[in-house]
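K.L.:
Requesting a structural model of the entry that follows:
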Amino acid sequence: MAVVTMKSLLESGVHFGHQVKRWDPRMKKYIFAERNGIHIIDLQKTITAIKDSYDQIRKVAASGKSVLFVGTKKQAQQAIQKEAERCGMFYVNNRWLGGTLTNFSTIKKSLLRLKKIEKMEIDGTFDNLTKKEVAGLLKEKEKLTKNYGGMKDMKELPGAIFIIDTHKEQIAVAEAHRMGIPIIAIVDTNCNPEGIDYPIPGNDDAIRAISLFTSIIANAVIEADNEQGLKIIETLGDEEDITTDASTKKEDEEIVDYSNYTPTETKEEDAEADKKDEQDLIDEDKVYNK
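P.N.:
Next up is the predicted model:
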């Protein structure tokens, strides 16, 4: 049985949102408070969303359909690949190419091409080619692997899509909508939760938070047929394996109910990151509209 604790959410920084000036007003219902110019996410709502998302992923996996993990930002790439591979599902962690879902018949040709080159490399075909031809094929393979390696064995559209940062992955969200694929996604305070079937309010920038969320979804796939499902320990006092002195426990309890809480960390000023995200979206739109 998978277990998620309030302590793990806090230690992973799931409750830290973006700077107040960068918020999306549509996230208001998921925000608990503002501290030192940072929005604090309501973890009770995060917990409820985790439960709903976990159940949905289990249903999809139990029905025999796949789940596509998507996270192309630097902080998410490793966790997305690791957890998708752990649960035997597919992933996109380099760049979302326009048409990945809406033009899957064409994407499948690229997937077949990748598998063909890999077969040629193994069965000795390369031995009968010139060095130039081999170099060209290896270069093509590298490019295809970078873009499609995580989807290589995906033969049909997924039964659900799990996304880290809907603000960055807007095209993936739009394509999933168009194809009627349920979306489970981490939505930070700068994201638009509307139109997301199962939004999970939380920090989508911290590596530890991303890793925690992604592992929960992977566990849902793995335990699809486990009737026990997910257990969430919401109060620190229920965690039998946690040993702490009185002063530490008191501090943790204050964080749980947000009384007298002041963030000890903030997300760094990232105007440059915003600018880069906007350029990425422009580039992706160009690909998408071709």
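
K.L.:
Which stretches in the stretch 1-150 of the chain count as strands?
P.N.:
With DSSP state E, counting those that start in this stretch, the ranges of strands along the stretch 1-150 of the chain come out as 2-5, 16-19, 31-35, 38-41, 67-70, 90-92.

K.L.:
Looking at the ones you listed, spot the one closest to M120.
P.N.:
For M120, the closest of those is strand 90-92, at 23.1 Å, according to CB to CB. For glycine as for every other residue, the C-beta is placed from the backbone atoms N, C-alpha and C.

K.L.:
residue ranges with poor pLDDT in the chain?
P.N.:
Scanning the chain for pLDDT under 70 picks out the ranges 1-2, 225-290.

K.L.:
Give me the residue at the spatial middle of it.
P.N.:
With distances taken as CA atoms, centre = their mean, the residue of the chain nearest its centroid is I164 (3.1 Å).

K.L.:
got the contact list for F104?
P.N.:
Neighbour list for F104: E156, L157 [criterion: CB atoms under 8 Å, 6 or more residues apart in numbering].

K.L.:
next one: P201
P.N.:
By CB under 8 Å, 6+ apart, P201 lies in contact with M27, Y30, I41, D42, K45, T46, A49, V187, D188, T189, P193.

K.L.:
Can you name the residues that contact the third one?
P.N.:
It refers to I41. Contacts of I41 by CB under 8 Å, 6+ apart are V14, H15, F16, G17, Y30, I31, F32, T189, P201, G202, N203.

K.L.:
Of these, which is the nearest to K139?
P.N.:
Nearest to K139 among those is N203, at 37.9 Å by CB to CB.

K.L.:
before we move on, the earlier item: filter the contacts of I41 to the buried ones?
P.N.:
V14, H15, F16, G17, Y30, I31, F32, T189, P201, G202, N203 (16 or more other CB atoms under 10 Å).

K.L.:
So which of the contacts of P201 wins on neighbours?
P.N.:
D188 (28 neighbours; other CB atoms under 10 Å).

K.L.:
ok, now which ones touch it?
P.N.:
D188 neighbours (CB under 8 Å, 6+ apart): G17, H18, M27, D165, H167, P201, G202, N203, D204, D205.

K.L.:
hmm, back to that, now, which of the buried ones among the contacts of I41 sits nearest Y54?
P.N.:
Closest to Y54, out of all of these and judged by CB to CB, is G202, at 13.8 Å.

K.L.:
my guess is K152 contacts L111, does it?
P.N.:
Yes - look at K152 against L111 with CB atoms under 8 Å: they come within range, at 5.7 Å.

K.L.:
Of these two, which one has the most company?
P.N.:
Remark: of K152 and L111, L111 carries more neighbours, 18 against 15, as counted by other CB under 10 Å.

K.L.:
distance of that one from A172?
P.N.:
For L111, the distance to A172 equals 17 Å [CB to CB, to the nearest Å].

K.L.:
returning to that earlier point: reformat the strands of the stretch 1-150 of the chain into CSV and put distance to R58 next to each item.
P.N.:
Shown next, in CSV, are those (distance: least, CB to CB, whole Å):
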stretch, distance to R58
strand 2-5, 10
strand 16-19, 28
strand 31-35, 28
strand 38-41, 24
strand 67-70, 10
strand 90-92, 17
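
K.L.:
For S215, find the nearest of those strands.
P.N.:
Nearest to S215 among those is strand 2-5 (8.9 Å), distances taken as CB to CB.

K.L.:
where's that closest one relative to the chain centroid, distance-wise?
P.N.:
Taking CA atoms, centre = their mean, to the nearest Å, one finds strand 2-5 lying 18 Å from the centre of the chain it belongs to.

K.L.:
Kindly report the same for stretch 123-134.
P.N.:
Distance, stretch centre to chain centre, for stretch 123-134: 39 Å (CA atoms, centre = their mean).

K.L.:
Identify the residues contacting it?
P.N.:
Stretch 123-134 has contacts (CB under 8 Å, 6+ apart) with K119, M120, L137.
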